[in-house]
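*Asks:* just the structure for this:
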Amino acid sequence: MEGCHILGQDGRYLYLNDAAVKHNHRPREALLGKEYTEIWPGVETSELCAAIRRCMDGRGEQKVELRYLPPNGDAEWFCLDIHPMPEGVLILSRDITDQRRADLKIVDQDRSHLFQAEEKSKRAAELVVANQETLCGLQNIQALYRVDRAIAGSLDINLTLNVIVDQVRSQLAVDAAAVLLLDTNAHALMFASGTGFRSKAIERVRIPLDEERGGYDGLQSRTVRGGHLREMNSPFANLEALADEGFATLFWTPLIAKGQVNGVLEVFHRAPLEPDGNWMDFFTVLASQAAIAVDHASLFTELKQAHSQLGAAYDSTIEGWARALDLRDKETEGHSRRVTEMAMRLAQAAGMTKDELLHVRRGALLHDIGKMGVPDAILLKPDKLTDEEWVVMRKHPTLAFDLLSPIAYLRPSLDIPYCHHERWDGSGYPRGLKAEQIPLAARLFAIVDVWDALRSDRPYRLSWSVERVRENICSESGKHFDPNAADLFLRMGDDWAEEVQPPRACGSSNPVQADVSRPLYAQCDLCLEDPDCSDGSNQPRRLFLQ
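*Replies:* Residues are numbered from 1 along each chain as shown. Here you go, the predicted structure:
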């Protein structure tokens, strides 16, 4: 709290607040009415007295710092602001003792303190250097993090190498950087990625690894090599592509992963460069990261090729099974291929994804694979099936499920083999699924399966006309077929489905001669009344169509 003192024109105390009394170390009664020169002997020669006179003489406000030594006490310091007023002067006093004691403590420091200050200064300089090194190390770590993220987050080797050469150029403070990868077929190093070059000539670089140049053995060392280009005798230094770049310095190191050389990492600078050990070490670390990236990309490419070859082998096996099924019943040969093509087109029109279409294809090829478990005596029986034989025949979707479900690769393709005999109204088999309980692939396939059966010639009948098959599909919509699927099929027209149909005798005026070696009734579950095809009786014959 500020002390407030009011002195009259004669220098006597007219007023003091509590803080002013405290600052004077005397009771208020001992001060009021007394001249300040009486209270403070010797003050007449002080700066305080001179400041009070100047203020009373009209020279404006004055500021004085006063050191006061009270009786039986330690020295105290006050900052005094002296203001003129009609009665005399107003003095505002502020205790600054603690501040001045702190200042004096600093001033009175001995030489040991000065020595400590010098040590601190020296230590501060060391910390600055250490901080710069730490910052550089942090930047290196961040660069490695970006490289690691590029390796882990992308399987595109070109993208990853672009990130690496950018970080190499930035962190090593060089003008250009490039990665050359080993082409084992060409027995040469080929440009893969680069940054900082004035032209694209570097992209045409090809460095043969013949014995004269050291071959592969010259790349086995993990050390960094390089220096001034004019002093180097290296295939990396004598490149026509670098002639117009103005480089003065080149450093390079091989990319080695799992003991195998994958390529070379190069850095170029257009001024002399004398790197220290940390620079060399970090260059080697970045080269190791680049080698890992190339190795991972190579492994992924090999894995992708192996997966593709395995997929092709599976598909070839599936197609072989489908052909075997067709060969078992020559009258339906080509049926699996045709319904597969139609099912694919219809599924694509229904908006199925690429992966879903792949499973549709496999499921369509294998839709009757369960018939492998049906005895020939039933499957090729030249007469109507008994009720007991129909029980066996209708097990073939379940047999397909049992056969294919243990194969993880084919498990997503089970919808068609297992469910293509289910019906929209719930009267199908093997599970009696109804409406959308039936998988979409099976609902679509049921339509093309019927189309192909009715549009194909059989020994016991001619194929149906397009119009007649369309009428059948329309009439079965909501009973056998999904109405939406049937509507989609009919809206697609006929040309696309007819493209895959085999030659037929439909429309001929001559009856088709039946093959006596084949059953009059083709054994399948699609049963249709056909009043146009009679066996001599007055009752229409029931045709079981493939």
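*Asks:* where does the stretch 401-546 of the chain have low pLDDT?
*Replies:* Applying pLDDT under 70 to the stretch 401-546 of the chain flags residues 458-460, 494-546.
*Asks:* go again using 80 as the cut-off
*Replies:* By pLDDT under 80, the low-scoring segments of the stretch 401-546 of the chain are 457-461, 493-546.
*Asks:* please parse this structure into its domains.
*Replies:* 3-105, 139-301, 329-545 (automatic domain parsing).
*Asks:* looking at those, which is closest to Ala313?
*Replies:* With C-beta to C-beta as the criterion, Ala313 lies closest to domain 329-545 of the domains of the chain, at 10.4 Å. (Glycine included, C-beta is placed from N, CA and C.)
*Asks:* out of the domains of the chain, the one nearest Ala125 is which?
*Replies:* domain 139-301 (19.7 Å).
*Asks:* before we move on, back to that, can the domains of the chain go into CSV with extra columns for distance to Arg323?
*Replies:* Below are the domains of the chain laid out as CSV (distance: least, C-beta to C-beta, whole Å):
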stretch, distance to Arg323
domain 3-105, 101
domain 139-301, 32
domain 329-545, 8
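*Asks:* just send those back as CSV, with mean neighbour count and distance to Phe115 too.
*Replies:* Shown next, in CSV, are these (neighbours: other C-beta atoms under 10 Å; distance: least, C-beta to C-beta, whole Å):
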stretch, mean neighbour count, distance to Phe115
domain 3-105, 15, 17
domain 139-301, 17, 33
domain 329-545, 17, 77
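*Asks:* Gln309 is nearest to which of these?
*Replies:* domain 139-301 (12.5 Å).
*Asks:* give the contact list for Glu356.
*Replies:* Contacts here follow C-beta atoms under 8 Å, 6 or more residues apart in numbering; on that basis Glu356 touches 347, 441.
*Asks:* can you give me the strands for the stretch 401-546 of the chain?
*Replies:* Along the stretch 401-546 of the chain, the stretches classed as strands by DSSP state E, counting those that start in this stretch are 526-530, 541-545.
*Asks:* do the stretch 251-400 of the chain as well
*Replies:* Secondary structure of the stretch 251-400 of the chain by DSSP E, counting those that start in this stretch: the strands cover 260-269.
*Asks:* one more: the stretch 51-200 of the chain?
*Replies:* With DSSP E, counting those that start in this stretch as the criterion, the stretch 51-200 of the chain has strands at 62-68, 76-85, 88-95, 176-183, 188-195.
*Asks:* turn the ones you listed into TSV, including distance to Ala125.
*Replies:* As requested, the strands of the stretch 51-200 of the chain are exported to TSV (distance: least, C-beta to C-beta, whole Å):
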stretch	distance to Ala125
strand 62-68	37
strand 76-85	36
strand 88-95	40
strand 176-183	34
strand 188-195	36
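*Asks:* mean pLDDT for those strands - can I get that in TSV?
*Replies:* TSV is the format used below for the strands of the stretch 51-200 of the chain (pLDDT from 0 to 100):
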stretch	mean pLDDT
strand 62-68	87
strand 76-85	90
strand 88-95	91
strand 176-183	90
strand 188-195	89
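*Asks:* which stretch among those comes nearest Ala287?
*Replies:* The nearest among those, by C-beta to C-beta, is strand 176-183 at 9.2 Å.
*Asks:* so which elements touch that closest one?
*Replies:* Applying 3 or more C-beta pairs under 8 Å, 6 or more residues apart in numbering; DSSP states H and E, one finds that strand 176-183 contacts helix 157-171, strand 188-195, strand 260-269.
*Asks:* put the alpha carbons of it into PDB.
*Replies:* Taking C-alpha atoms only, strand 176-183 is exported to PDB below (Å, rounded to 0.1, in the frame of the first residue of the first chain):
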ATOM      1  CA  ALA A 176      19.100 -34.600 -56.200                       C
ATOM      2  CA  ALA A 177      18.500 -38.200 -55.300                       C
ATOM      3  CA  ALA A 178      17.700 -41.300 -57.300                       C
ATOM      4  CA  VAL A 179      16.900 -45.000 -56.900                       C
ATOM      5  CA  LEU A 180      18.100 -47.500 -59.500                       C
ATOM      6  CA  LEU A 181      16.600 -51.000 -59.300                       C
ATOM      7  CA  LEU A 182      18.200 -54.200 -60.400                       C
ATOM      8  CA  ASP A 183      16.700 -55.800 -63.400                       C
END
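*Asks:* pull the residues that contact that strand.
*Replies:* Outside of strand 176-183, the residues within contact range by C-beta under 8 Å, 6+ apart are 161, 164-166, 168-169, 188-197, 202, 205, 207, 209, 245, 247, 255, 261-269, 290, 294.
*Asks:* tell me the strands beside that strand, with direction?
*Replies:* strand 188-195 (antiparallel), strand 260-269 (antiparallel) (DSSP bridges).
*Asks:* and Asp355, how far is that from Arg338?
*Replies:* 23 Å (C-beta to C-beta, to the nearest Å).
*Asks:* grab the longest helix from this protein for me.
*Replies:* Identified as the longest helix of the chain according to DSSP state H is helix 277-328.
*Asks:* tell me the angle that one makes with strand 260-269.
*Replies:* 140 degrees (axes from the mean of the first three to the mean of the last three C-alpha atoms, to 10 degrees).
*Asks:* pLDDT of helix 277-328, averaged?
*Replies:* Mean per-residue pLDDT for helix 277-328: 80.
*Asks:* elements contacting that helix?
*Replies:* The helices and strands touching helix 277-328, judged by 3+ C-beta pairs under 8 Å, 6+ apart, are helix 111-153, helix 157-171, strand 249-257, strand 260-269, helix 335-349, helix 354-365.
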